[in-house]
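Chemist: quick check, what structure comes out for this input:
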Amino acid sequence: MAELAAKIDALIVAIGGPSYDKIAQEIKADGGPTVSGAYLWQLRTGARDNPTFHHLQALSTYFSRKIGIPITLNYFDPETPVDQPWRDAQDEERVASLQRQLDEERELNTRLADNGVRRLATRYGEMGPALQRQILAIVETLSEQEAAEGKKPRGERDEAG
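Modeler: Model (predicted):
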């Protein structure tokens with residue numbers, strides 16, 4: 001997937017081209033998953049092209065913070081142009097919308113981890129973009145149904161529930 005390599009390259013260039021090890025250390029310091037400088041190099045050169053959901057989320061969070069524009073998971077979709085974040089940055093409403101989306105993605109990531117579904121999250125990262133969108137829609141529908149029924153999320157249930 002040359003698209004992913006080009007996107008990782010564009011993001012690294014946009015932050016001034018720090019070393020892969022420095023990026024990896026900063027991702028870990030931000031609370032992200034362990035990622036090596038070698039792995040980042042592989043992503044940038046196209047030697048690896050299937051990062052996990054957690055790695056994509058960490059890259060999204062890291063580069064959003066460093067660049068100052070929301071980099072959502074949609075950016076890593078092969079159909080999204082490499083220069084899309086910079087085009088989006090020209091429109092304040094679009095930036096606000098993307099920031100809300102980024103916040104929702106982070107919340108989903110937290111909920112997935114908090115609810116002990118790391119296996120699903122890992123597999124999610126291995127799925128194609130269309131299937132990922134379907135899974136997100138299912139999760140949102142189930143969450144809305146649970147909220148409508150007045151049930152607490154699993155992590156908030158008491159010992160009896």
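Chemist: tell me what the longest helix belonging to the chain is packed against?
Modeler: Ordering each helix of the chain by length in residues (DSSP state H) puts helix 92-114 first. Helices and strands touching helix 92-114, by 3 or more CB pairs under 8 Å, 6 or more residues apart in numbering; DSSP states H and E, are helix 53-67, helix 84-88, helix 118-126. C-beta coordinates here come from the backbone N, C-alpha and C atoms, glycine included.
Chemist: any weak-confidence spans in the protein?
Modeler: The model of the chain has pLDDT under 70 over residues 1-2, 109-122, 150-161.
Chemist: and the gap between A24 and W41?
Modeler: If you measure A24 against W41 using CB to CB, to the nearest Å, the figure is 10 Å.
Chemist: out of the two, which sits in the busier spot?
Modeler: Using other CB atoms under 10 Å as the criterion, A24 and W41 rank with A24 on top: 21 against 18.
Chemist: does that one count as helix, strand or coil?
Modeler: Secondary structure, DSSP: H, G, I helix; E, B strand; the rest coil: A24 is helix.
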